[in-house]
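>>> Here is my input, please return the structure:
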Amino acid sequence: MAISFDRALGIHDDAVTVRVKRAEILANNIANSDTPNYKARDLDFQSMLDGAMGNQQLQMAQTQSGHNSSVIDPDFASELMYRIPNQASVDGNTVDLQEEMARYTENAVDYQASFHFLNKKFKGLTNAIKGE
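Predicted coordinates:
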């Protein structure tokens with residue numbers, strides 16, 4: 001009998017991937033907190049959930065080979081949104097450093113939880129294979 005990792009691991013492997021991608025985006029926001037006219041970005045979880053649940057998404061047509069080559073990862077393009085700032089900045093930057101740090105920390109905790117769940121799944125599969 002073959003083991004289906006998609007069924008065995010559930011959403012935990014995808015959750016780790018999303019947490020890693022979100023950490024990159026939040027770290028980029030933090031790194032650009034002093035860059036004039038930089039717009040803070042974040043993932044739209046609802047869009048990602050809709051995609052994971054199999055809801056139909058519109059595909060963008062690529063009419064030339066140079067389109068969308070290095071702008072953004074197409075897997076996350078529809079989920080990546082600009083954040084609306086609480087207070088406008090004089091230089092046009094929308095990054096609130098304290099909020100970004102809090103979001104990054106929360107994401108790190110969520111990553112650890114997702115990784116822990118994934119690790120438990122692998123330990124369970126290992127025990128099942130060993131017959132323990």
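
>>> For residue 33, which three-state class applies?
Secondary structure, DSSP: H, G, I helix; E, B strand; the rest coil: residue 33 is coil.

>>> What's the local residue count around it?
Neighbour count of residue 33, defined by other Cβ atoms under 10 Å: 17. No exception for glycine: its C-beta is placed from N, CA and C like everyone else's.

>>> again, but for residue 82
When neighbours are counted by other Cβ under 10 Å, residue 82 registers 10.

>>> So what pairs up with it in the strands?
Here residue 82 sits in beta bridges with residue 41, going by DSSP bridges.

>>> Need the contact partners of the strand or helix carrying residue 29.
Using DSSP states H and E, residue 29 sits within helix 12-31. Identification of contacts with helix 12-31 by Cβ atoms under 8 Å, 6 or more residues apart in numbering yields 5, 38, 40-43, 48, 52, 73, 76, 80, 95, 97, 100-101, 103-104, 107-108, 110-111, 114-115, 117-118, 121.

>>> how about 6 Å then?
Contacts to helix 12-31, defined as Cβ atoms under 6 Å, 6 or more residues apart in numbering, come from residues 40-41, 43, 76, 95, 100, 103-104, 107, 110-111, 114-115, 117-118, 121.

>>> Please apply the same query to stretch 86-106.
With Cβ under 6 Å, 6+ apart as the test, stretch 86-106 has contacts from 26, 29-30, 33, 36-40, 85.

>>> quick one: which two of those residues are the most distant?
By the measure Cβ to Cβ, 26 and 36 form the most distant pair in those, at 19.8 Å.

>>> If you rank every helix and strand of the chain by mean pLDDT, what lands last?
Ranked by mean pLDDT, DSSP states H and E, the weakest helix or strand in the chain is helix 45-52, scoring a mean of 64.

>>> hang on, the earlier thing: could you turn the buried ones of the contacts of stretch 86-106 into a ChimeraX selection?
To isolate the buried members of the contacts of stretch 86-106 in ChimeraX, using 16 or more other Cβ atoms under 10 Å:
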select :26,29,33,38,40
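
>>> Pick the one among the contacts of stretch 86-106 closest to residue 129.
Closest to residue 129, out of all of the contacts of stretch 86-106 and judged by Cβ to Cβ, is residue 26, at 37.2 Å.
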